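Student: Need a 3D model of the following:
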Amino acid sequence: MKHVALGFRAHSGWTALVAITLEQGIPRVLLREHPHLVKTFTYEFRQPYHTARKGSLDEARDFISRVRSEARGLAWQAISSAQLNLQGQGYELKRCGLLLSSGKPLPDIPQILASHALIHTADGELFREALLHACERCGLGTFKAPERGLLERASQALQRKGDELGCCLAHLGAAVGSPWTQDEKLAALVAWLSLSVPTCKS
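Tutor: Numbering: from 1, shown residues only. Below is the predicted model of the structure:
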């Protein structure tokens, strides 16, 4: 079977998911989806730390734990479904690439809830962690790359000039049709990188 990788650019409560394979070194999009990572797609659940700050510390811990568990389950369902879809097309899912924020490691919940900036960061990290957890549960290698500086890193790793790489990313979406947004382009790029680097280390 030909190998394929999934790329993710996560947001609050959902993620862009793009599957990429390489054919003679040229990337091709096989799948493009936008799975939800919360069952109830409202602000309350999409921004769990914002919601959690309204209650007691015990209530906050319980709510965040429940949203995290739900997000992990939905991420696993999305990846498993993509895996089956790709197998049906004759491809083997080998890796997942995930874009990271450039934030520092988060402190404990009380410190997070005391800072509006950390709350924003923590909301995003919860859903990125859910995707990583699901990838590992599916037995897939993971490639993590900070979004900041991604194009420069990719240009070096893929040995393509910046404008050439940008043009290639813009045209990749032709196989799946519009809209082909920045989310899909960057998800495709991190998947492409995950197939091209020697190891799964970030």
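Student: longest helix in this protein, by residue count?
Tutor: Determined from DSSP state H, the single longest helix within the chain is helix 57-88.
Student: tell me which residues of that one are tucked away?
Tutor: Residues of helix 57-88 classed as buried by neighbour count (16 or more other CB atoms under 10 Å): 60, 63-64, 67-68, 70-76, 78-79, 82-83, 86. In this view, the C-beta of every residue, glycine as well, is placed from N, C-alpha and C.
Student: so what does the helix or strand just after that helix touch, helix or strand wise?
Tutor: Once the chain leaves helix 57-88, the next helix or strand it forms, by DSSP states H and E, is strand 91-100. Counting contacts by 3 or more CB pairs under 8 Å, 6 or more residues apart in numbering; DSSP states H and E, strand 91-100 packs against strand 2-11, strand 14-23, helix 57-88, helix 116-137, strand 141-146, helix 182-196.
Student: now the angle from the longest one to strand 14-23?
Tutor: In this case it means helix 57-88. Per axes from the mean of the first three to the mean of the last three CA atoms, to 10 degrees, the angle that helix 57-88 makes with strand 14-23 is 30 degrees.
Student: what sits against the closest residue to residue 118 other than its chain neighbours?
Tutor: Using CB to CB, 6 or more residues apart in numbering and skipping the chain neighbours, the partner closest in space to residue 118 is residue 112 (4.6 Å). Residues near residue 112 by CB atoms under 8 Å, 6 or more residues apart in numbering: 49, 106, 118, 119, 122.
Student: Please, which helix or strand holds the first one?
Tutor: Under the assignment given by DSSP H and E, the secondary-structure element containing residue 49 is helix 48-52.
Student: before we move on, the earlier item: doesn't the residue nearest to residue 118 lie inside a strand?
Tutor: No: counting by DSSP: H, G, I helix; E, B strand; the rest coil, residue 112 is not part of a strand but helix.
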